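**Q** the following block contains a protein sequence and its predicted model.
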Amino acid sequence: MCNLYTNLTTHEAMRQLFDIAPQDSLLPDDWKPAPRVHPKQRAAVAYIRNGSLCLGEMQWGFLLPQVSKRTGLPILPKAVTNARDDKVLVSRFWLDSMRRQRCLVPSTAYCEFIGRAPTVNHWFGIAPGGENPEPFGFAGIWTVFDGMIRNERISFETFAIVTTGPNEFMSSYHSRMPVVLAPEEYGKWLRGGVEDAAELLKPPPDSVMRLLATGDAPGL
């Protein structure tokens with residue numbers, strides 16, 4: 001999966017999609033749908049907070065500290081946006097979040113850059129009944145970054161989207177795809193044990209996937 005998706009879902013529609021009470025929405029009053037979400041940008045995320053399912057904002061990409069190959073000094077951390085399904089249960093970088101801090105990432109389409117000279121954006125989404133796309137939730141995990149950036153100690157929440165092997169439809173476009181959950185799977189992903197959640201790490205059925213647009217993001 002490439003590092004670009006769109007979330008044109010309204011605040012109210014996201015609350016309905018994930019069954020979130022009004023008092024549990026922590027989004028700012030001026031929040032607006034996001035035509036394009038890139039790494040290190042803040043985006044809407046549904047996650048468990050103090051026992052309740054909340055809707056808030058986190059930065060996309062777990063931050064991985066880096067040092068300069070030339071000087072050996074710390075440089076800006078790398079944003080790791082996608083967590084592979086074959087790594088989340090074994091890698092120390094992901095494992096604690098997979099066990100304890102799973103989330104849902106609302107989206108209306110995600111992008112794959114396909115081809116060369118020129119590369120063309122291909123936008124994929126969910127349209128179970130035909131051609132009308134529906135908002136959906138990626139399987140995600142989150143953590144708190146607490147570290148130094150530009151000589152300042154900063155603490156904030158970050159998320160990553162879990163990816164898996166493609167279904168037959170997507171295999172002709174890319175070798176990986178995000179884990180797209182069905183609404184009836186949201187509760188199991190958020191509140192189930194880690195073994196139950198791991199059962200959901202698979203591609204959605206071919207019948208619900210659609211190529212929504214090429215070039216500009218759908219809906220723009």
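**A** Nice, I can see it.

**Q** just for this structure, where's the confidence low?
**A** 1, 129-131, 150, 220 (pLDDT under 70).

**Q** in the lengthiest helix in it, what's buried?
**A** As assigned by DSSP state H, the longest helix anywhere in the chain is helix 11-18. Across helix 11-18, burial judged by 16 or more other C-beta atoms under 10 Å covers 14-15, 17-18. (Each C-beta comes from the backbone N, C-alpha and C, glycine too.)

**Q** kindly report the same for stretch 88-106.
**A** Neighbour count says stretch 88-106 has 88, 94, 97-98, 101-106 buried, by 16+ other C-beta under 10 Å.

**Q** identify each buried residue in stretch 35-52, please.
**A** 37, 42-47.

**Q** show me those that map onto strands.
**A** 37, 42-47 (DSSP state E).

**Q** need the contact list for the closest residue to residue 74 other than its chain neighbours.
**A** Among residues not flanking residue 74 along the chain, residue 67 sits closest, at 5.5 Å (C-beta to C-beta, 6 or more residues apart in numbering). Contact analysis of residue 67 by C-beta atoms under 8 Å, 6 or more residues apart in numbering lists 73-75.

**Q** buried ones among these?
**A** Among the contacts of residue 67, none counts as buried (16+ other C-beta under 10 Å).

**Q** with distance to residue 133 added, can I get the buried residues of helix 11-18 in JSON lines?
**A** Formatted as JSON lines, these follow (distance: C-beta to C-beta, whole Å):
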{"residue": "14", "distance to residue 133": "15"}
{"residue": "15", "distance to residue 133": "19"}
{"residue": "17", "distance to residue 133": "13"}
{"residue": "18", "distance to residue 133": "18"}
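
**Q** pick the one among the buried residues of stretch 88-106 closest to residue 169.
**A** Nearest to residue 169 among the buried residues of stretch 88-106: residue 105, at 20.8 Å, using C-beta to C-beta.

**Q** is the closest one bridged to anything, and to what?
**A** Following DSSP bridges, residue 105 is listed with bridge partners residue 138.

**Q** from residue 43, how far out is it?
**A** Using C-beta to C-beta, to the nearest Å, residue 105 is found at 7 Å from residue 43.

**Q** what touches both of the two?
**A** residue 159.

**Q** what ranges does the chain have for its helices?
**A** Using DSSP H, helices in the chain cover 11-18, 95-100, 168-171, 186-191, 194-198.

**Q** thanks again, I'm all set now.
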